[in-house]
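Q: Attaching a predicted model along with its sequence, questions to come.
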Amino acid sequence: MCKKLFVRVKLYLRNESKEAIRMVQDLLDKNSHIPIYIQIEEIIKQRIYLEEYKIGENIPSERELSTQFDVSRMTVRQSITNLVNSGLLYREKGRGTYVANPKLEQPLKGLTSFTEDMRARGMEPSSRVLRFEKIVPPVDVASDLMLEPGEEVFFVVRIRNADSKPMAIERTYIPVKVYPELDEKKIMGSLYALIEAKFHQKIGNAIQQMEAAIVTKEDSKFLQINHTAPVLIIKRTSYLSDGVPFELVRSTYRADRYKFISEIKR
Ligand code: 16G
């Protein structure tokens, strides 16, 4: 595929002109300065887009693809590895390579809860509480929650599932003095619904920080991902409308399931 054609394919993709893509999709230009493995990546992406390769189904084996494109298996493997790393495909040991579900697009605006976010997408949220205990928090947590030295928090670790599949792990610190009546049973459902509907308090605002990381060995098991997989970590400190901080949460999201979207204006 020459450079011009390659660019055109991308433009067509944007215009969603599927027929046009179909005409050029299988062209590989071995003399192009665009590496072959990148051209193959594009072709596989187009096949996914055109639903030739469907979500949840497996794509042809490396051997079949290398015959199809008349390239080495190493080259095909490189393309597939890149697509696996970007979350478009996933490998299952001994079974092959599958087309992944598209990532969940999470807007970075609006102070919503996990439960609301999943329901808005037609998915059923659930939680598994791994830990619920009263502790004296580390100093940085105490300072973010505006606590005096020695004041206690509930430390809660929850795996958050959507349609029974793990999406994130949340480690939440909640000041005991704000919700002395909290218990393990109450935290099984939505924390925000509990605060608003049961405790009749108004949630005001939150400050968030986001960073990338490699999953820890422990979390990789809970999230059911490879022990070297990337994750997105969001630290959120949330306040009631009167300014009282009521939670500090470190949420670890599967990077293969999430995409965070923000609108920016000039
Ligand atoms: C979200 C929040 C988390 C909050 C939780 C409440 C982020 C980064 N985190 O996951 O701070 O505690 O929702 O959800 O968005 P719940 O009401 O379903 O328990």
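A: Alright, I've got the coordinates.
Q: Near the ligand, which residues of the stretch 51-200 of the chain are found?
A: 113, 114, 115, 170, 172, 190, 191, 192, 193 (Cβ under 6 Å from any ligand atom). No exception for glycine: its C-beta is placed from N, CA and C like everyone else's.
Q: Once you drop chain neighbours, what's closest to the first one?
A: Nearest non-adjacent residue to residue 113, counting by Cβ to Cβ, 6 or more residues apart in numbering: residue 192, 3.8 Å away.
Q: Strands - which of the residues of the stretch 51-200 of the chain next to the ligand land there?
A: Secondary-structure check on these using DSSP state E: residues within strands are 170, 172.
Q: just the buried members of the residues of the stretch 51-200 of the chain next to the ligand?
A: By the neighbour-count criterion of 16 or more other Cβ atoms under 10 Å, these include these buried positions: 113, 114, 115, 170, 172, 190, 191, 192.
Q: Model confidence for the first one, exactly?
A: Per-residue confidence for residue 113 comes out at a pLDDT of 97.
Q: do you know how far it is from residue 246?
A: Distance from residue 113 to residue 246, counting by Cβ to Cβ, to the nearest Å: 13 Å.
Q: What of the last one?
A: Computed with Cβ to Cβ, the distance linking residue 192 and residue 246 is 10 Å.
Q: hey, what's in contact with both of these two?
A: residue 203 (Cβ atoms under 8 Å, 6 or more residues apart in numbering).
Q: that older thread, pull up the overlap in contacts between residue 113 and residue 246.
A: A shared contact of residue 113 and residue 246, defined by Cβ under 8 Å, 6+ apart, is any residue touching both; here there are none.
Q: Low-confidence stretches in the stretch 101-250 of the chain?
A: Regions of the stretch 101-250 of the chain meeting the criterion pLDDT under 70 are absent.
Q: Please parse the chain into its domains.
A: Domain assignment for the chain by automatic domain parsing gives 3-99, 104-261.
Q: how close does the residue sitting furthest away from the middle of the chain sit to residue 76?
A: Farthest-out residue of the chain from its mean C-alpha position, per Cα atoms, centre = their mean: residue 31, at 37.5 Å. As for residue 31, its distance to residue 76 is 19 Å (criterion: Cβ to Cβ).
Q: what does residue 239 give?
A: Spatial separation of residue 239 from residue 76 under the definition Cβ to Cβ is 52 Å.
Q: With neighbour numbers in mind, choose between these two.
A: Comparing residue 239 with residue 76 by other Cβ atoms under 10 Å, the one with more neighbours is residue 76, at 25 against 18.
Q: contacts for the host helix or strand of that one?
A: With elements taken from DSSP states H and E, the one containing residue 76 is helix 73-85. For helix 73-85, contacts defined as Cβ under 8 Å, 6+ apart pick out 36-38, 40-41, 44-45, 62-63, 65-66, 69, 89-91, 97.
Q: Tell me how far that helix lies from the chain's centre.
A: On the basis of Cα atoms, centre = their mean, to the nearest Å, helix 73-85 is displaced by 21 Å from the centre of the chain it belongs to.
Q: Beyond it, next helix or strand please.
A: Moving toward the C-terminus from helix 73-85, the next element (DSSP H and E) is strand 89-92.
Q: Output that following strand as PDB, nothing but the C-alphas.
A: In PDB, the C-alpha atoms belonging to strand 89-92 read as follows (Å, rounded to 0.1, in the frame of the first residue of the first chain):
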ATOM      1  CA  LEU A  89      -7.200  -8.000  20.700                       C
ATOM      2  CA  TYR A  90      -6.500 -10.400  23.500                       C
ATOM      3  CA  ARG A  91      -4.800 -13.700  23.600                       C
ATOM      4  CA  GLU A  92      -6.000 -16.800  25.400                       C
END
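Q: what's the next secondary structure element after that strand?
A: The helix or strand immediately downstream of strand 89-92 is strand 96-99, counting by DSSP H and E.
Q: Let me know how buried residue 261 is, in neighbour terms.
A: Counted with other Cβ under 10 Å, residues neighbouring residue 261 total 9.
Q: That one is in contact with residue 107, isn't it?
A: Yes. Contact status for residue 261 versus residue 107: in contact at 5.2 Å, counting by Cβ atoms under 8 Å.
Q: What subset of the contacts of helix 73-85 is buried?
A: Those of the contacts of helix 73-85 that meet the buried threshold are 36, 37, 40, 41, 44, 45, 62, 65, 66, 69, 89, 97, by 16+ other Cβ under 10 Å.
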